[in-house]
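1. one predicted model, sequence on top.
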Amino acid sequence: QTLLKPTGSSQGMYIIARGNVKVMKDKETIDVLSKGDIVGELEILTGKSSNHRIVAETPVTALYLSNNNTDKLIEGSKAFKNMLWKQAASRICVNAVAKHTSLSKLEDRLVKRSINTGSILAQKKGLEASLDGDIRWVLLVGSAKSTQNEKISFRAGQLITASTVRFTADSEVWKFELKE
């Protein structure tokens with residue numbers, strides 16, 4: 001059974017209570033989610049559609065929240081919004097780190113543990129920010145450019161690799177310390 005399929009708009013979100021679901025891109029399984037995981041939250045948080053299909057791998061019990069109900073919860077509870085971002089950011093960051101050549105050899109377990117200790121930061125358009133030492137930022141929403149080389153730009157879902165960036169749109173970043 002398909003829970004979510006690629007569309008032009010959000011279809012709400014599911015909180016998995018029991019069972020496993022596969023996250024599929026085309027015909028390839030790219031992740032398997034289970035009890036406690038959430039699907040569909042990223043579309044609600046960013047307003048962007050997904051190109052993934054979510055398919056039950058085993059019998060699944062899940063709580064469905066419509067866009068309208070989720071929006072009300074987000075507006076009424078900063079803690080709920082942060083919890084959703086933490087779920088979404090974890091998956092985005094693992095993918096972003098895996099794509100980065102110098103970090104792709106790190107163990108998934110190490111990367112996930114580092115990411116889970118992170119936090120979300122809102123960044124306003126025009127703001128400059130510097131990254132220090134082992135601190136890593138993944139752009140969740142928005143865009144940024146290197147201040148040293150304007151040809152280097154970053155978009156949502158990418159690990160920021162420049163030491164100093166200027167945000168070119170209102171943005172959300174996930175900040176974490178990568179402990180090797």
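-> Alright, I've got the coordinates. Numbering: from 1, shown residues only.

2. hey, let's count contacts and neighbours off CA atoms from now on
-> OK.

3. check which helices and strands the longest helix anywhere in the chain is in contact with.
-> Across the chain, the longest stretch assigned as helix under DSSP state H is helix 78-99. If you count contacts as 3 or more Cα pairs under 8 Å, 6 or more residues apart in numbering; DSSP states H and E, helix 78-99 packs onto helix 41-46, helix 67-76, helix 108-116, strand 119-123, strand 135-141, strand 158-160.

4. at 7 Å instead, please
-> helix 41-46, helix 67-76, helix 108-116, strand 158-160 (3 or more Cα pairs under 7 Å, 6 or more residues apart in numbering; DSSP states H and E).

5. quick one: contacts of the helix or strand bottoming out on mean pLDDT in the chain?
-> Lowest on mean pLDDT, DSSP states H and E among the helices and strands of the chain sits helix 108-116, with a mean of 76. Here helix 108-116 makes contact (Cα atoms under 7 Å, 6 or more residues apart in numbering) with Ser90, Val94, Phe176, Glu177, Leu178, Lys179.

6. would you turn the residues you listed into a markdown table with neighbour count, pLDDT and distance to Lys125?
-> As requested, the contacts of helix 108-116 are exported to a markdown table (neighbours: other Cα atoms under 10 Å; pLDDT from 0 to 100; distance: Cα to Cα, whole Å):
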| residue | neighbour count | pLDDT | distance to Lys125 |
| --- | --- | --- | --- |
| Ser90 | 20 | 80 | 24 |
| Val94 | 19 | 78 | 25 |
| Phe176 | 21 | 86 | 21 |
| Glu177 | 18 | 85 | 24 |
| Leu178 | 19 | 76 | 26 |
| Lys179 | 11 | 70 | 30 |
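
7. quick one on the thing from earlier: so which bits of the longest helix of the chain are buried?
-> 81, 84-90, 92-94, 96-98 (16 or more other Cα atoms under 10 Å).

8. thank you kindly, that will do.
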